[in-house]
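Engineer: sequence-free structure coming up:
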């Protein structure tokens, strides 16, 4: 089906985009379009106007600055996948990027667009939560930051104002005693997650967990934080038992629905397993434990 | 409120200026406005990849972007493959590969597969099977005959490698492939059949999918890397845990 007719705008600056959003009736922002274009074609979305932000070159960046890894609204999944900086320091991002859809989609789709879409099956929201990240939103009243925990309200619904545009997603730069990972279960390449877990661990000088972040994908009505598991981890030294406890707590806190891909109890069990694996990789990447080499 | 916009697309080296509605998809502009019907429309949902074209050298799904968004870009479609330098005025090695290795089957997904195959080889002239499968993971084949498609792309990689060598160019990878003129198709297909037989995503009625690896390996029990580590996780003892 064709998309319904819409008025089309292509601002080249953020200011212009924001003033357009303010002046137009129910506008929709088009970034990568890999979720929006099909929605328009099925007429699940019928906006009167589409504001295509792809011409705003200043939003195309991926860099460390002021203590943050900053990802502009035009940073594509493929940019994350191909970045040496990401590969070197941001394990969970490097894990998640190649698991998003397929190569063609990753060339077009954006990480910020995916976060703004707020699909509970989206991977990036969980990674953002695990990293205690935030988004930067620009609106008529200027700029504000929204922590990941306050962003996701319902499936496809965020706390973003009607005339606001997410210009950036960002996470604090990890220190050298920090590691992160993302694990995802899906039926086949290109699928959304049946369950996914992003984990981040920061250790203190004594090898104890100083800070833990765990975000879960596709097992609640939004990307969700496994706060009970985080609490269990903090202050402790890593061990198999500890991570098993954390996995169990994450599973308990998850709230998956049964569907054709598996029933809820199965998905809870997967949250448990994926959490343990993500924590194991995160600890290993932080340099606190080494992979046991079996003879 | 039909405000048509004028856009310029350079498709297969020829510049075209056309007028399109903002809601016109790139795939429709290519097929209907430019009459290049080699690019197919399959699923209408962005899943199948039949509409894959290269935009400024990058594979994208042309049913997932509006034509206006491609204004000013260079597009390569399947019709342009024979004109590429490596084709030498004949079939492109990828097209030849699909013929030789029976990669076409019903043929509907083939244009998209060829474009993804081109993107794979542009990035990495000597991909292994897993890399090829990952590269075509956005392209569905409803004949579910991925093995022949993988073999076709492997065939093209070998052909391009031979051509480069014959032209006095540097052989990309001094692997097993420098043995002779003809690629070892028997060995290829045997190995291929084995891995095709071994591939089973485990889901009833699933199409199979071109997955590089079954994600079901994740379902095994939790790993055991900490089993012997309890109590010895101080930073300075980590080396000893490696034996």
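Structural biologist: Received, thanks. Everything quoted here is computed from the prediction, not taken from an experiment.

Engineer: Not counting its neighbours along the chain, what's nearest residue A:4?
Structural biologist: In space, residue A:4 comes closest to residue A:46 once its chain neighbours are excluded; the distance is 4.7 Å by C-beta to C-beta, 6 or more residues apart in numbering or on different chains. The way it works is simple: take the backbone N, C-alpha and C, and place the C-beta from them, glycine included.

Engineer: Output the residue of chain B whose distance to chain A is smallest.
Structural biologist: For chain B and chain A, the shortest gap (C-beta to the nearest C-beta) falls at residue B:138, measuring 2.9 Å.

Engineer: Can you report phi and psi for that residue?
Structural biologist: Backbone torsions for residue B:138, taken as degrees, to the nearest 10, come to phi -90, psi 10.

Engineer: how about it, what does it touch?
Structural biologist: With contacts defined as C-beta atoms under 8 Å, 6 or more residues apart in numbering or on different chains, the neighbours of residue B:138 are A:101, A:102, A:103, A:104, A:105, A:190, B:49, B:52, B:59, B:61, B:116.

Engineer: Minimum pLDDT in those, which residue is that?
Structural biologist: Among these, residue A:190 carries the weakest pLDDT, at 86.

Engineer: Against residue A:97, how distant is it?
Structural biologist: 14 Å (C-beta to C-beta, to the nearest Å).

Engineer: Please say which of these two ends up with more neighbours.
Structural biologist: Using other C-beta atoms under 10 Å in any protein chain shown, the more surrounded residue of residue A:190 and residue A:97 is residue A:97, with 25 against 22.

Engineer: Could you pull up the residues touching that one?
Structural biologist: Residue A:97 neighbours (C-beta under 8 Å, 6+ apart): A:77, A:78, A:80, A:81, A:86, A:106.

Engineer: what do you get for residue A:199?
Structural biologist: Contacts of residue A:199 (C-beta under 8 Å, 6+ apart): A:92, A:130, A:180-182, A:212-215, A:275, A:278-279, A:281-282.

Engineer: Can you give the distance of the helix or strand where it lies from its chain's centre?
Structural biologist: Element membership of residue A:199 [criterion: DSSP states H and E] is strand A:195-203. Taking the mean of its C-alpha atoms, strand A:195-203 sits 12 Å from the chain's own mean (C-alpha atoms, centre = their mean, to the nearest Å).

Engineer: And the residue nearest to residue B:70 when sequence neighbours are not counted, how far from residue A:220?
Structural biologist: Nearest residue to residue B:70, sequence neighbours excluded (C-beta to C-beta, 6+ apart): residue B:26, at 5.1 Å. Residue B:26 sits 36 Å away from residue A:220 when distances are taken as C-beta to C-beta.

Engineer: Those two: which has the busier surroundings?
Structural biologist: Neighbours of residue B:26 and residue A:220, each counted by other C-beta under 10 Å, are more numerous for residue B:26; the result is 27 against 19.

Engineer: Who are the contact partners of the more buried one?
Structural biologist: B:53, B:62, B:63, B:65, B:66, B:67, B:69, B:70, B:75.

Engineer: Take these and keep only those in strands.
Structural biologist: B:53, B:75 (DSSP state E).

Engineer: got the contacts of residue B:26 as TSV, with neighbour count columns?
Structural biologist: Shown next, in TSV, are the contacts of residue B:26 (neighbours: other C-beta atoms under 10 Å in any protein chain shown):
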residue	neighbour count
B:53	27
B:62	29
B:63	26
B:65	22
B:66	27
B:67	24
B:69	23
B:70	25
B:75	24
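
Engineer: Residue A:219 is in contact with residue A:269, isn't it?
Structural biologist: No - checked against C-beta atoms under 8 Å, the pair residue A:219 and residue A:269 is beyond contact range at 11.0 Å.

Engineer: Show me which of these two is the more surrounded one.
Structural biologist: Neighbours were counted for residue A:219 and for residue A:269 using other C-beta under 10 Å; residue A:219 has more, 29 against 16.

Engineer: Need the pLDDT of residue B:30.
Structural biologist: 98.

Engineer: Next: residue B:6.
Structural biologist: pLDDT, residue B:6: 97.

Engineer: what number of residues lie near the residue in the stretch 101-250 of chain A that chain B sits nearest to?
Structural biologist: At 2.9 Å from chain B, residue A:102 is the closest residue in the stretch 101-250 of chain A, using C-beta to the nearest C-beta. The number of residues packed near residue A:102 is 27, by other C-beta under 10 Å.

Engineer: Next, count neighbours for residue A:7.
Structural biologist: Using other C-beta under 10 Å: residue A:7 sits among 15 other residues.

Engineer: who does it bridge with?
Structural biologist: Beta-bridge pairing of residue A:7 under DSSP bridges involves residue A:49.

Engineer: What of residue A:196?
Structural biologist: Beta-bridge partners, per DSSP bridges, of residue A:196: residue A:184, residue A:217.

Engineer: Excluding chain neighbours, what is closest to residue A:133?
Structural biologist: The nearest residue in space to residue A:133 (C-beta to C-beta, 6+ apart) is residue A:171, at 3.8 Å.

Engineer: returning to what we had before: and the residue nearest to residue B:70, how far from residue B:140?
Structural biologist: From residue B:26 to residue B:140 the distance is 19 Å (C-beta to C-beta).
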